[in-house]
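> Quick one: sequence plus predicted model below, questions after.
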Amino acid sequence: MRASMLSDWLAQRIERTGGLPIYRQLYGLLQQAILSRELPAGTKVPSSRLLASELGLGRNTVTQVYEQLALEGYVWSATGQGTFVSDSAPDEIVGADSAARDAAPAEPRVLSARGARLLQGAGVSQRQGGAFMPGVPDVSRFPAAVWSRLQSKYWRRLPPDLLTYAPGGGLPKLRQVLADYLRTSRSVRCTPDQIIVTTGIHQSIDLAVRLLSDSGDVIWTEDPCYWGVRSVLQVSGLSLKAIPVDAEGINPSADDLADPPKLMLVTPSHQYPLGMVMSLARRRMLLEFARQNGCWIIEDDYDSEFRYGSRPLASLQGLDTAGQVIYVGSFGKTLFPGLRIGYIVVPEGLSTSFATASAELYREGQLLQQAVLAEFIGEGHFTSHIRRMRGLYGQRRQILLDTIRKRYGDALQIAGGDAGLHLVLRLPDGVDDREVAKAALAVNIVVRPLSGYFLRPGEGMSGLLIGYGCVAEEEIEPAFEKLAAVLDPALGSGFRFSTHA
Ligand SMILES: Cc1ncc(COP(=O)(O)O)c(C=O)c1O
């Protein structure tokens with residue numbers, strides 16, 4: 001369209017009665033004409049005085065629209081020369097992008113190598129409950145009435161310091177009650193200052209790794225290990241070295257010990273996912289090795305509160321006299337995963353660095369939730385909830401064990417059943433546990449294949465992680481029958497099992 005035709009084009013489109021305000025209409029029409037290239041780049045538009053008189057509008061209206069379009073980059077003005085359509089109206093670019101977006105989903109090739117690797121190994125499940133989702137607690141039993149009473153108390157008062165940006169480290173009151181809890185329940189030796197509140201174990205490990213290692217440094221992980229933290233470590237640029245585990249926990253060989261890593265990540269209370277407890281001898285060996293070689297040990301104490309038949313075990317951190325252990329824990333299993341509150345306990349001397357870095361990197365928040373949680377713990381609700389849930393999970397675990405035994409006798413080995421929220425049903429070598437998990441999902445049962453937790457190629461054991469935390473007692477047996485119906489064909493007709501007499 002030639003500029004001389006612009007006023008006619010506009011006059012035909014402007015609604016004088018009942019439409020949008022004239023200013024908005026004029027702005028929208030000019031924007032549309034520029035984006036659709038009806039008014040090509042470089043076109044000189046009529047002066048505001050001329051356009052106003054041709055359209056019968058106030059000059060101010062047109063001036064304001066031109067100013068707005070200039071501000072957004074659609075037009076530009078040169079004193080004494082006039083106003084011109086820009087060469088690169090910003091929405092041209094946006095327009096092209098959205099057309100491309102409509103045409104095809106984003107291609108994986110736009111991801112960095114690091115991003116692609118992360119997605120390749122991603123294990124997050126769309127389902128987060130029901131039979132037999134491992135690692136998920138029964139959120140329906142959370143004492144919501146107590147929480148809501150405490151929460152409304154804070155919302156009524158609306159303390160400004162809980163609504164603004166958080167100072168690094170977390171709410172002092174929460175750090176205080178946590179220090180007491182960790183000291184008495186987990187034998188963790190720390191002052192409140194040494195505790196940094198985070199959004200959970202993933203973030204705690206991310207923070208520790210960023211502050212204590214550089215890209216290319218080596219970290220030892222247990223093999224098998226939790227896929228979630230494996231992802232966190234992989235994207236951090238660390239070089240992962242998978243160390244096998246035996247009945248006493250992580251078991252580095254003489255060759256491994258000859259080449260100390262910068263960090264190691266262990267689950268001493270309840271090896272994830274196999275469930276063994278790290279022996280005292282192994283704990284001492286690791287601590288001494290770390291002390292002599294200046295390594296950091298990250299202790300992931302993710303679900304140690306739920307131990308059946310014996311008291312929860314003391315932490316590795318409690319045995320550390322040299323300040324080499326970084327202890328990480330979470331309320332994800334003890335309260336509910338969506339709370340996203342966890343903690344990291346750092347050696348003395350590192351607390352200010354960690355608190356500052358945490359605020360710098362993550363802009364912490366959730367102070368109100370932290371205040372509620374501090375009171376929840378302080379009033380004793382936390383320990384009663386754990387006690388209640390330990391009883392409930394213990395009962396569910398027993399039903400599951402009985403059901404498995406009834407069906408398979410002693411023919412399939414069960415590992416990791418003494419603690420936590422899942423057990424591992426070992427399958428004979430050669431049974432493809434990924435196929436079994438896939439077939440189970442088709443009948444609406446979630447189990448995770450054990451082989452997927454191994455890092456060393458060819459070292460995976462076959463088995464299934466079966467979670468019982470979020471399965472109601474009466475659902476366990478029928479759900480297991482469904483699982484057994486897909487498992488039996490995989491075990492094959494030659495599979496024989498012995499039942500208890
Ligand atoms: C061994 C282990 N560590 C950490 C986590 C996750 O902890 P969070 O939810 O606090 O990030 C899990 C969750 O299943 C886990 O199994």
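Received the coordinates, thanks. Treat the numbers as computed from the prediction; the structure is a model and nothing was measured.

> For the closest residue to Ala437 other than its chain neighbours, give the beta-bridge partners.
Setting aside the residues directly before and after it, Ala437 is nearest to Pro449 in space (C-beta to C-beta, 6 or more residues apart in numbering), at 4.6 Å. Where C-beta positions appear, they are placed from N, C-alpha and C, glycine not excepted. Pro449 forms beta bridges with Leu464, as assigned by DSSP bridges.

> so Pro449 touches Leu464, yeah?
Yes: with contact defined as C-beta atoms under 8 Å, Pro449 counts as touching Leu464 (6.6 Å).

> Looking at the two, which is more packed in?
Using other C-beta atoms under 10 Å, the more surrounded residue of Pro449 and Leu464 is Leu464, with 26 against 20.

> OK, contacts around that one?
Applying C-beta atoms under 8 Å, 6 or more residues apart in numbering, one finds that Leu464 lies in contact with 424-425, 427, 433, 436-437, 440, 447-450, 483, 487.

> Looking at these, which are in helices?
Judged by DSSP state H, helices contain the following of the contacts of Leu464: Asp433, Val436, Ala437, Ala440, Leu483, Leu487.

> so who does the fourth one touch?
Just to be clear, that refers to Ala440. When contacts are counted by C-beta under 8 Å, 6+ apart, Ala440 touches Val446, Val447, Leu464, Lys482, Leu483, Val486, Leu487.

> Quick one: classify Leu373 as helix, strand or coil.
helix (DSSP: H, G, I helix; E, B strand; the rest coil).

> what about it, neighbour count?
Using other C-beta under 10 Å, Leu373 has 26 neighbouring residues.

> Surely it and Lys173 touch.
No: Leu373 is not in contact with Lys173 according to C-beta under 8 Å; the separation is 9.4 Å.

> Quick check, Leu491 in contact with Leu425.
No: when contacts are counted by C-beta under 8 Å, Leu491 is not listed as touching Leu425 (11.2 Å).

> Could you find the closest non-adjacent residue to the residue in the stretch 201-350 of the chain that the ligand sits nearest to?
Of all residues in the stretch 201-350 of the chain, Ser330 sits closest to the ligand, at 3.0 Å by C-beta to the nearest ligand atom. Sequence neighbours aside, Gly342 is the residue nearest to Ser330 in space, at 3.8 Å (criterion: C-beta to C-beta, 6+ apart).

> Backbone dihedrals for that neighbour, please?
phi -140, psi -170 (degrees, to the nearest 10).

> if I look at it, how far off is Gln203?
Applying C-beta to C-beta, to the nearest Å, the value for Gly342 to Gln203 is 7 Å.

> what's the answer for Tyr343, then?
10 Å.

> More neighbours: the two, which one.
Per other C-beta under 10 Å, whichever of Tyr343 and Gln203 has more neighbours is Tyr343, with 26 against 22.

> In a helix, the more buried one, correct?
No: assessed with three-state DSSP, Tyr343 is strand; it does not lie in a helix.

> longest helix of this structure?
Longest helix in the chain, counting by DSSP H: helix 381-408.

> Are there residues contacting both of Pro449 and Leu464? Which ones?
Here Pro449 and Leu464 have Asp433, Val436, Ala437 as joint contacts, going by C-beta under 8 Å, 6+ apart.

> Correct me if wrong: Val235 contacts Ala116.
No: using C-beta under 8 Å, Val235 makes no contact with Ala116, being 10.5 Å away.

> Pull the number of nearby residues for the residue nearest to Arg189 when sequence neighbours are not counted.
If the residues on either side of it in the chain are set aside, Arg189 comes closest to Gly318, at 5.7 Å by C-beta to C-beta, 6+ apart. By other C-beta under 10 Å, 18 other residues sit near Gly318.

> can you pull the pLDDT of Gly318?
Gly318 carries a pLDDT score of 97 in this model.

> would it count as being in a strand?
No: Gly318: not assigned to a strand; according to three-state DSSP it is helix.

> how near is it to Ser304?
To Ser304, Gly318 is 12 Å away according to C-beta to C-beta.

> Could you name every residue contacting both of these two?
In contact with both Gly318 and Ser304: Arg186, using C-beta under 8 Å, 6+ apart.

> give me the element Leu335 is part of.
According to DSSP states H and E, Leu335 maps onto no helix or strand at all.
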